[in-house]
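Undergrad: Here is a sequence together with a model predicted from it:
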Amino acid sequence: MGRMKTYRDDAIVLRCHDLGEADRIITMLSRHNGKIRAVAKGVRRTKSRFGARVEPFSMIDVQLYRGRTLDTITQVESRNQYGRTLVAEYDAYTCASAMLELADRLTDDHPEPAQFSLLHGALHALATGAHAPTLVLHSYMLRAMSLSGWELAVFECAKCGAPGPHEAFHVHSGGAVCDDCRPPGATIPSVEAWQLIGALSVGDWSIADASGSAARRQAAALIGAFVQWQLESKMKSLALVGAEGGGHG
């Protein structure tokens, strides 16, 4: 038997672009169906029933009809309109935009409930001001990459697996490198930056929240370089993100 033509799922809107005169293609990450691209018909008309509900950053309960190339949205219920809060605060907005871009890059049409839950939790933390926006972003980046099979080596050597702590960081090797494996061009982050990267990778917010601005700048640069090296391309939205995000030092 084939799959049912109509299905329903929770989803987070990643991006949208116009189609024709009144329609829009919505790209979203769903809880059970992976990434979905679907047409929202007539959504750009002023009398649209659910135009505002399918904006980026929105958490929705969506019903869709399967099509050959694109599915069609038939019903939308709003769960959380995170965009309303995020657009009012520049740092939160830019960090959220980078998270949506990374989620879009890392997922496809295979079910990835862990990626969905991670993104939802990170957007909620940004919208509620739980932590400095850049800390939420960089923790999300490390954990999303790990879920996709690209874990940054923090507590062991990326090359030989020797347990750390290790001083040196090498982007192309995948993170921490021991003295024996350390290649030319490796950098030596501060102890505080290493502690922050480790805390962000496991969600230890007591350490992360207490970090100073210098450590946040270093960690941001290293995490950004690692992610973009693994993706083999630049993340456009990351260029708009400030590095410190409310440091204390």
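TA: Everything's here; your move. The structure displayed is predicted, hence computed values, not measured ones.

Undergrad: Which segments of the chain make up each domain?
TA: Here the domain parsing of the chain from the TED database is 7-83, 84-238.

Undergrad: got those domains as CSV, with mean neighbour count and mean pLDDT columns?
TA: C-beta: built from backbone N, CA, C; applies to glycine. Listed next are the domains of the chain as CSV, based on neighbours: other C-beta atoms under 10 Å; pLDDT from 0 to 100:
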stretch, mean neighbour count, mean pLDDT
domain 7-83, 18, 92
domain 84-238, 19, 97
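
Undergrad: Tell me which residue is most central in the chain.
TA: Centre of the chain computed as the mean C-alpha position; nearest residue by C-alpha atoms, centre = their mean is residue 99, 2.9 Å away.

Undergrad: Give me the packing partners of the helix or strand where residue 95 lies, helices and strands only.
TA: According to DSSP states H and E, residue 95 maps onto helix 90-106. When contacts are defined as 3 or more C-beta pairs under 8 Å, 6 or more residues apart in numbering; DSSP states H and E, helix 90-106 packs onto strand 6-19, strand 23-30, helix 82-86, helix 113-128, helix 133-147.

Undergrad: Select, out of those, the one closest to residue 239.
TA: Within the helices and strands packed on helix 90-106, the stretch nearest residue 239 is helix 133-147; the backing value is 13.0 Å (C-beta to C-beta).

Undergrad: got the angle for the closest one vs helix 113-128?
TA: 180 degrees (axes from the mean of the first three to the mean of the last three C-alpha atoms, to 10 degrees).
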